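K.L.:
Here is my input, please return the structure:
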Amino acid sequence: MGRMSAEVMAHELDLLWQSIFTWVSWGIVAAMVLIAIRMGVKQRTPFYLIAILAAGIGAYAEPLYDVAFDLWFYDAHNGAPGGGYMHFSAFHVLQPIWTHSGYVILYATACLYAGRLIYDGRLGRRGLFLVWGAEIAASCVFEVVGTGTDVYTYYGPYVLRIWNYPLVIGVLEGTQVVLFTVIAVLIWRQVSTGWGLLSLLVVFPMTFFGANFGLGAPVIIAMHLDGGLASAPMIWAATLLSIGMCSVAVYGLSRFLPHGPVAVEVREEAEPALHGAAPR
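P.N.:
A predicted model of the protein is given here:
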């Protein structure tokens, strides 16, 4: 926090865009919940709803991310409460309520459109990389709007920015999406009850911080080196290293993709019926 300038802290929040982010994002989440319910009823699983819940609850840990990646939500301390759309503060960073809806949109959507494909063994390595690329693009669109409309900013000495948005953040977020989605589906294939799927509430923070703080560690450290060592060449090297590590991680995840549907055990007493004979 000591590296943040007074100009960043005093920067005025655009209340119109704060309202747009809040209402539009929560509207999208409402639509996602309806889709998740419909898919869950059809497939007889709470997987999709629990994935959404896990991402939404995971947003309570956002302040840790903000401190590590030099993210600042505007108007946290200059007198205005963010248009009434802020709800709690940690590490002196006041959190808008749309962080929860934003997490759901960014981190749970892939479970809706790719989860069943992975579950059935119908998504291969190429498909996983396509999901990764799509999620990076979605992250860039979402955050370029947020950082470009005076809602929040990444104030650190990043390189490789798209307008105001550091590209490495999008790569890390896309990697987190793929990591969470694949591991969540692997658990889904193994558990037999909805209660078992509640483990996704624990899986989400593990994958979120594992990807962002683990694969993003070179960037985090390079930007916060003391003694004047946080130079542009150092940050460039760390950025490329983190992006490279993300690509290796996605490739590694592709080796764990299921091949074919889940094997279903057939009970002995049901076998006559399967062979055309009348059940007992």
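
K.L.:
give the contact list for the residue positioned nearest the centre of the chain.
P.N.:
When Cα atoms, centre = their mean is applied to the chain, the residue found nearest the centroid is residue 107 (3.1 Å). When the contact criterion is Cβ atoms under 8 Å, 6 or more residues apart in numbering, the partners of residue 107 are 55, 58, 173, 176, 177, 180, 204, 208. Placement of C-beta: from N, CA and C, glycine included.

K.L.:
got the residue ranges for the strands in the protein?
P.N.:
Assignment of strands within the chain using DSSP state E yields the ranges 71-73, 86-90, 93-96, 152-154, 161-162, 165-166.

K.L.:
Go through these and name the closest to residue 218.
P.N.:
When the strands of the chain are ranked by distance to residue 218, counting by Cβ to Cβ, first place goes to strand 165-166 at 13.3 Å.

K.L.:
How about residues contacting the closest one?
P.N.:
When contacts are taken as Cβ under 8 Å, 6+ apart, the neighbours of strand 165-166 outside the stretch itself are 140, 143, 144, 147, 148, 154, 156, 158, 159, 160.

K.L.:
want to throw those into TSV with pLDDT, neighbour count and distance to residue 187?
P.N.:
Listed next are the contacts of strand 165-166 as TSV, based on pLDDT from 0 to 100; neighbours: other Cβ atoms under 10 Å; distance: Cβ to Cβ, whole Å:
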residue	pLDDT	neighbour count	distance to residue 187
140	96	20	29
143	95	24	28
144	95	16	33
147	94	20	34
148	93	14	37
154	96	20	32
156	94	20	34
158	96	19	34
159	95	19	37
160	95	15	34
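
K.L.:
what's the closest of these to residue 75?
P.N.:
residue 147 (14.5 Å).

K.L.:
my guess is that closest one meets residue 158, correct?
P.N.:
No. The criterion here is Cβ atoms under 8 Å, and residue 147 misses it with residue 158 at 10.9 Å.

K.L.:
what's the average pLDDT for the top helix by length along the chain?
P.N.:
In the chain, assigned by DSSP state H, the helix with the most residues is helix 15-43. Computed over helix 15-43, the mean pLDDT rounds to 96.

K.L.:
chain center to it, what's the gap?
P.N.:
Going by Cα atoms, centre = their mean, to the nearest Å, the spacing between the C-alpha centre of helix 15-43 and its chain's C-alpha centre is 15 Å.

K.L.:
the inter-axis angle of it versus strand 86-90?
P.N.:
Our comparison of helix 15-43 with strand 86-90, counting by axes from the mean of the first three to the mean of the last three Cα atoms, to 10 degrees, yields an angle of 90 degrees.

K.L.:
Would you mind listing the buried residues in helix 15-43?
P.N.:
Of all the residues in helix 15-43, those buried under the rule 16 or more other Cβ atoms under 10 Å are 15, 17-18, 21-22, 25-26, 29, 32-33, 36, 39-40.

K.L.:
what do you get for stretch 196-207?
P.N.:
Along stretch 196-207, these residues count as buried under the neighbour rule (16+ other Cβ under 10 Å): 197, 199, 200, 203, 204, 205, 207.

K.L.:
what do you get for stretch 181-189?
P.N.:
Going through stretch 181-189 with 16+ other Cβ under 10 Å, the ones that come out buried are 181, 182, 183, 184, 185, 186, 188.

K.L.:
so how far is residue 44 from residue 170?
P.N.:
Separation of residue 170 from residue 44 (Cβ to Cβ, to the nearest Å): 35 Å.
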